[in-house]
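**Student:** Requesting a structural model of the entry that follows:
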Amino acid sequence: MDREILMDLVTKTMPFGKYKGKLLCDIPEHYLVWMHGKGFPEGKLGMWLHTLYEIRVNGLEWILEELKKHVRR
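**Tutor:** This is a model prediction of the structure:
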């Protein structure tokens, strides 16, 4: 995985909808599953959300938790 994309997931916020203002990495899995079924948005946001979806469904959340620790320091 691209480190820059992972850093974006722990630093960028959702720009719209129910989770507007929340860090992308904090968006619940059920929302990502719903969005996967509806289709992710175009552009970087869609790529970030799709990456986050893949991380969640494959049980790789620990990667984001480790990055969040380093970002908050």
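**Student:** Not counting sequence-adjacent ones, nearest residue to Gly21?
**Tutor:** Take Gly21 and drop its neighbours on the chain: the residue closest to it by Cβ to Cβ, 6 or more residues apart in numbering is Thr13, 5.4 Å away. (Each C-beta comes from the backbone N, C-alpha and C, glycine too.)
**Student:** cool, and Phe40?
**Tutor:** Of all residues not flanking Phe40 in the chain, Gly46 sits nearest, at 3.8 Å (Cβ to Cβ, 6+ apart).
**Student:** Just give me the neighbour total for that neighbour.
**Tutor:** 13 (other Cβ atoms under 10 Å).
**Student:** Report pLDDT for it.
**Tutor:** On the pLDDT scale, Gly46 is placed at 96.
**Student:** element containing it?
**Tutor:** Assigned by DSSP states H and E, Gly46 falls within helix 43-57.
**Student:** before we move on, the earlier item: contact partners for the residue nearest to Gly21?
**Tutor:** Going by Cβ atoms under 8 Å, 6 or more residues apart in numbering, Thr13 touches Lys20, Gly21, Lys22, Leu23, Leu24.
**Student:** For Lys69, give its distance to Cys25.
**Tutor:** Distance from Lys69 to Cys25, counting by Cβ to Cβ, to the nearest Å: 12 Å.
**Student:** cool, and Thr51?
**Tutor:** Noted for Thr51: a distance of 10 Å to Cys25, by Cβ to Cβ.
**Student:** Please produce JSON lines containing the contacts of Thr13, extended by pLDDT.
**Tutor:** As requested, the contacts of Thr13 are exported to JSON lines (pLDDT from 0 to 100):
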{"residue": "Lys20", "pLDDT": "97"}
{"residue": "Gly21", "pLDDT": "97"}
{"residue": "Lys22", "pLDDT": "96"}
{"residue": "Leu23", "pLDDT": "95"}
{"residue": "Leu24", "pLDDT": "97"}
